[in-house]
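Undergrad: here are the coordinates; sequence isn't available:
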């Protein structure tokens, strides 16, 4: 499941809407919506995210957050390290090979650490 898919599922649960109902209202198949929620499809288009925002009547910060989640919800990542350092390539490969061994706490801690270190470089 992607962060975007999880949030859409939460929104549906809050509004007590089934996938079938939502899909019908948005003009997509329930299978597509299910695949999107479960991370079996790529990130949705900006236009589709706008339709979801309108469907749930989401405004301001919540709408912006949903858009950010959509952008960061590609379930299959390609990372080109050809112009980066040996260390960057090694880290990318280590993460690709071992990410499934990490639990939620580890993932959150690593993400936080990377963000803090990257922000110091700005």
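TA: Here it is on my side, so go on. What you see is a predicted model, and the numbers here were worked out from it, not measured in a lab.
Undergrad: and the residue lying closest to residue 88 once chain neighbours are set aside, what is it in contact with?
TA: Once flanking residues are discounted, residue 88 sits nearest to residue 81: 5.4 Å by C-beta to C-beta, 6 or more residues apart in numbering. In short, each C-beta sits where N, CA and C put it, glycine included. For residue 81, the contact set (C-beta atoms under 8 Å, 6 or more residues apart in numbering) comprises 88, 89, 92.
Undergrad: which among those gets closest to residue 24?
TA: residue 92 (41.0 Å; C-beta to C-beta).
Undergrad: looking at this protein, which helix is longest?
TA: If you go by DSSP state H, the chain has its longest helix at helix 104-120.
Undergrad: thought residue 56 was touching residue 26, still the case?
TA: No - taking contacts as C-beta atoms under 8 Å, residue 26 lies outside contact range of residue 56: 10.6 Å.
Undergrad: so which of the two has more stuff around it?
TA: Neighbour comparison, residue 26 and residue 56: the larger count goes to residue 56, with 18 against 15 (by other C-beta atoms under 10 Å).
Undergrad: what number of residues are in the vicinity of the nearest residue to that one once chain neighbours are set aside?
TA: With sequence-adjacent residues excluded and distances taken as C-beta to C-beta, 6+ apart, residue 56 is closest to residue 11, at 5.2 Å. Residue 11: 18 surrounding residues under other C-beta under 10 Å.
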